[in-house]
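Participant: Requesting a structural model of the entry that follows:
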Amino acid sequence: MLYRVEGIVIRSMDYGESNKIVTLLTKTNGKAGVLIRGAKKVKSRHSSLAQPFTYGEYQYFRSSGLGTLNHGEIIESHHDLRMHLDLSAYASYAAELTDRTLQEEEPSGFYFEQLKACLSALGEGKDPQIVTNLYEMRVLDLAGYAPELEECVSCGNRVGPFKLSAHAGGILCTRCGSRDPSASQLTEGAYKLLRLFKGMDMRRLGSIAVKPETKAELKLHMRALMDAQLGLHLKSRNFLDQLDKLV
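Facilitator: Presented below is the predicted three-dimensional model:
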């Protein structure tokens, strides 16, 4: 069968001497594995279609298993994301996170739009950590693990201050905070951002100025939620951590 889809390259690997296999996040068909013949050759007309983060239109044949590219057109290359080490690291994390949390042929229209907006925001120069934390929240939401941030997950109290219990998947009030010794205190600034992120579409993200100390706290909270709820070990996140140590 011949497929024609809009897709974003979320994984690319060498195959043989001159070919590449890419994993596409498509707008209509979930994830799709596609063989791109000759993509490793410098003069190949298809080499750019196999680059990570490329957004394009892909036409491929597939009867079962892996598809084979017939034709493709680039819509947005995201060249800058590959040329800057820090942006490449954040984009790689978003791509790997998407690949690991989305199942094969799972409906992906909204997922596709969120990743597309995430990569665009990184390319537009928006704060990469804020962009990434928002995308993490969207992934948690799409995976069914969005945190409860309106009321205490233990007693239903809506009056703060609160702690965040990553393992319980939400906030704990002062009366219930002792139920989770690992729960971390939420400052007002971080709490407001988490609540904002929970309901925000990536496509609506504008320019947000966040204090360094609030950003640091936000990163810790999102890291705790991702580890407790998804438990993924991602090479791209380890690389991001190494970059942070160099700053």
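
Participant: Can you tell me the strand partners of the helix or strand containing Gln59 and which way each runs?
Facilitator: Under the criterion of DSSP states H and E, Gln59 resides in strand 55-61. Strand 55-61 pairs in its sheet with strand 2-15 (antiparallel), strand 67-76 (antiparallel), by DSSP bridges.

Participant: Go ahead and name everything in contact with the shortest one.
Facilitator: When you say that, I think you mean strand 67-76. Residues external to strand 67-76 that are found in contact with it (CB atoms under 8 Å, 6 or more residues apart in numbering): 2-3, 6, 32-37, 46, 48-49, 54-62, 119-120. Every residue, glycine included, has its C-beta placed from N, CA and C.

Participant: The longest one too?
Facilitator: Outside strand 2-15, the residues within contact range by CB under 8 Å, 6+ apart are 20-29, 31-32, 35, 40, 49-62, 67, 70, 75, 95-96, 98-99, 112, 115-116, 119.

Participant: Would you show me how to pick out the buried ones of those in ChimeraX?
Facilitator: The buried residues among these can be selected in ChimeraX (16 or more other CB atoms under 10 Å) with this line:
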select :20,21,22,23,24,25,26,27,29,31,32,35,40,49,50,51,52,53,54,55,56,58,60,62,67,95,96,98,112,115,116,119
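
Participant: What distance do you get for Arg100 to Leu234?
Facilitator: Between Arg100 and Leu234 the computed distance is 7 Å (CB to CB, to the nearest Å).

Participant: residues bridging contact with these two, i.e. touching both?
Facilitator: Going by CB under 8 Å, 6+ apart, no residue sits against Arg100 while also sitting against Leu234.

Participant: Can you find the helix or strand of this protein with the lowest average pLDDT?
Facilitator: Least confident helix or strand of the chain, by mean pLDDT, DSSP states H and E, is helix 235-246 with a mean of 88.

Participant: For that helix, list every residue counted as buried.
Facilitator: Neighbour-count burial for helix 235-246 [16+ other CB under 10 Å]: Ser236, Arg237, Phe239, Leu240.

Participant: Which elements pack onto it?
Facilitator: Packing partners of helix 235-246 (3 or more CB pairs under 8 Å, 6 or more residues apart in numbering; DSSP states H and E): helix 85-101.
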